[in-house]
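Asker: Give me a 3D structure for the following:
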Amino acid sequence: MTMMSVTFEVMFRVEAEVESGEVVCVVGDCDRLGNWDPHHAVVLSRESSSPGQCRKNNQQMENRCDKEDRKTCDVWRKKVKLCGMKNYNYRYFVCQIIESDSESTERTVKVIRWETNILPRVFSPADYMKDPGKYDAEIMKFGEYEIHGISIGGKNHVTKGWLTDQSEIHIRIHGNPIRMWKPKYRKQTYRIKCTPLDQRYKDHLDEDEEEDEWGTHVSPPSTFTKVLVSTLDERQINHCVQSESGTIFETGSYMIFTAETTEPESLGFQFDFYVNQEGVTPKHIGYCYLLPVDLKKSNDTKTVPITGLNHKPIGQIDLDYLTVKPVPGLDLKMDVSYQNYWKFERKSLDVGHRGMGSSYKHKKLAAVRENTVQSLQDAANHGADYVEFDVQLSRDMIPVIYHDFHVAITYRKKKREELEFYQASVKDLKLSELQSMKLAHASRISDNDRDDIHEDDIDPTDLQPFPALERVFEAVNPATGFNVEIKYPQEKVNGEFEEINFYDRNKYVDIILRVVMRTAGHRRVVFSSFDPDICILVQRKQNKYPTLLLTNGEDVEKYVPYMDLRTRSIDMAIYFATFSNLLGIDVLTSTLFRNMNKIEKVKEAKLVLFCWGEDNNDSNAINTLKQKGVDGIIYDRTLMSNHWQVKSEIFEAPATYRPNGLSRSDSSSS
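Answerer: Predicted coordinates:
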């Protein structure tokens, strides 16, 4: 028998907190461990259970609501046969599993949370053979382990799962959405509770069952769906279990109900309203419904009537919803994740804005046109850690690099040879048309200088605008990170829409993600967007790359603010990023300079901070921001290129952490 044919019965044993219906699995880099696929992972068996929390885990503790304590501390184990003397990499995760009734379809797996240490756990046959008994007796701690006494990656990471087979529905109540018709109800403060309703069984109830069991205004509750509540403020940012009489809604605040389901087309919601008075039991005064028929789009706002307990309408409420669906056919593995990993101790990053800089706003400074392959590659050659660029879809659904939603098309008038510009939407032109037509920046429409309108555009391909996203990934040095800003039009406070009749959010993000996941390779990638819902979709649809929310902060002078409350202050951006498990926020620099204390507030929230804006086109400003600990600075003046220096890999794991054996940690850090 050769050494390569040695077989080990490896005991995987871990202590983890789970709720009812959850199990612990192990997944790794071989067939026996599922090849990093959660659908083929090994399900462990519960060895023992005790009520309450496991040994203190700071990271898990900070994500729990004060009133929620329904987890049990369990030890899970399973013996798995592994062959050969190679090292095996693996991770633990907590999930819910629904076995398939058909051999032709896979079981449904909902990953609740998983270990995302930058380096996985390792089983070393060589170390095991030295003392098998000691290894078999060890109980690992979920999310915590060490190699040679050093915590992996310097921190412990347990990350919320992504959308594998289930969809996620967000129902948002914000601003001043409740309008009661009777004067006595208008000045009340209300508590709101959201209950899921399973509409699959609505036709199976007779009148007596419906009235007696569920009440006169209630459909069957969805027993397999849990609705959690959050508020974007200091009260309840994390996803919390609702109280019996709901959660207080304050005018001007932002409340979010979140539910996950494998059948979104059958899930509806009931909202109950209670008058809130200090020292008095909340009084139930009415209810309303949001049914599956109301949730057909990816996102929308519905105004629904509030019905009193006497079955008469007493008011109405605006309910804003977002449905997030998994990306069909996207094969996501569990070998590595950077979603919540960042080297906070490293120096600030230099990020090239649209490559070497904005060429339309700073024409005299721009050596090459912005958002072109050449501009991005030049920034990489000058030592930029990352290059930032903008992505949207062409008419034929191809991700293309361009900042604005509109372009200027050159056309000739009927009776004269004079040429003029006409504004067209990028989304209305195919990629071939964008790349072959003589187009100009939309600002040229109001520009009186038309001297170049008759000139041919004969620049080489890499100097031309509208490169496809896939081409950019292939052409730019893979050692340079990409900050991929996903464009999506929003409404501004002045009533102006950046674009109308745009793509469905789910379909739009799915197409972009497929290209990135297929072509990124080992390149560092960070997503960003000004649209908070795009950030949610990007974060929940994939498990590998981090996301930043872009915001103007409180600055209302340079740019007209968006209507969305989540975009209009740094504080709200912090709350939203925390709620959505984003890596951090990307803030307009002028807002930071008005109140430098905001930098510390972002750090206290354990978020990464990038900044952008014309204020960054000054070396003194850049130095100040770096001294204050800003993690990434985006600027666009090519004259500043000598400021860039080549730096080490952002996501590179230190050589001292390279694993060659299995060990664990008895302590944790958040």
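Asker: For the chain, which residue occupies the most central location?
Answerer: residue 539 (1.9 Å; Cα atoms, centre = their mean).
Asker: did I read that right, that one in a helix?
Answerer: Yes. The assignment for residue 539 (DSSP: H, G, I helix; E, B strand; the rest coil) places it in a helix.
Asker: Report pLDDT for it.
Answerer: If you check residue 539, the pLDDT there is 98.
Asker: The nearest residue to it once chain neighbours are set aside: what's it in contact with?
Answerer: Closest residue to residue 539 apart from its sequence neighbours, by Cβ to Cβ, 6 or more residues apart in numbering: residue 547 at 4.7 Å. (C-beta placed from N, C-alpha, C; glycine too.) Counting by Cβ atoms under 8 Å, 6 or more residues apart in numbering, residue 547 makes contact with 339, 526, 527, 528, 529, 535, 538, 539, 580, 582, 583.
Asker: since we're on residue 107, how many residues are nearby?
Answerer: Other residues near residue 107 number 14, with proximity taken as other Cβ atoms under 10 Å.
Asker: if I look at it, how far off is residue 38?
Answerer: 10 Å (Cβ to Cβ, to the nearest Å).
Asker: joint contacts of those two?
Answerer: Contacts common to residue 107 and residue 38, judged by Cβ under 8 Å, 6+ apart, are absent.
Asker: Might you calculate how far stretch 497-504 sits from the centre of the chain?
Answerer: Its chain's average C-alpha position is 21 Å from that of stretch 497-504, according to Cα atoms, centre = their mean, to the nearest Å.
Asker: Please spell out which residues along it are buried.
Answerer: 498, 499, 502, 503 (16 or more other Cβ atoms under 10 Å).
Asker: What I need now is those residues written out in JSON lines, including pLDDT and distance to residue 317 for each item.
Answerer: Below are those laid out as JSON lines (pLDDT from 0 to 100; distance: Cβ to Cβ, whole Å):
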{"residue": "498", "pLDDT": "97", "distance to residue 317": "27"}
{"residue": "499", "pLDDT": "96", "distance to residue 317": "29"}
{"residue": "502", "pLDDT": "97", "distance to residue 317": "26"}
{"residue": "503", "pLDDT": "97", "distance to residue 317": "28"}
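Asker: any idea which of the contacts of residue 547 is least confident?
Answerer: residue 339 (94).
Asker: now the helices for this structure?
Answerer: Ranges of helices in the chain, per DSSP state H, are 58-61, 125-130, 132-137, 183-186, 207-214, 373-381, 431-436, 469-475, 505-519, 532-541, 570-579, 589-594, 597-604, 619-627.
Asker: quick one: which of these is nearest residue 82?
Answerer: helix 125-130 (7.6 Å; Cβ to Cβ).
Asker: Which elements pack onto the closest one?
Answerer: If contacts are counted by 3 or more Cβ pairs under 8 Å, 6 or more residues apart in numbering; DSSP states H and E, helix 125-130 sits against strand 7-18.
Asker: What is the distance between the strand it packs on and the centre of its chain?
Answerer: The answer for strand 7-18 is 31 Å, by Cα atoms, centre = their mean.
Asker: Kindly report the same for stretch 254-267.
Answerer: 17 Å.
Asker: Endpoints of that stretch, how far apart?
Answerer: With Cα to Cα, to the nearest Å as the measure, stretch 254-267 spans 23 Å from end to end.
Asker: Could you list the buried residues of that stretch?
Answerer: Buried-residue list, stretch 254-267, by 16+ other Cβ under 10 Å: 254, 255, 256, 257, 258, 259, 260, 261, 262, 264, 266, 267.
Asker: and what of stretch 224-234?
Answerer: For stretch 224-234, by 16+ other Cβ under 10 Å, it's 225, 226, 227, 228, 229, 230, 231, 232.
Asker: State the mean pLDDT of stretch 483-494.
Answerer: Computed over stretch 483-494, the mean pLDDT rounds to 98.
Asker: do the same with stretch 418-426
Answerer: On average, stretch 418-426 scores 81.
Asker: What residues sit buried inside it?
Answerer: For stretch 418-426, by 16+ other Cβ under 10 Å, it's 421, 424, 425, 426.
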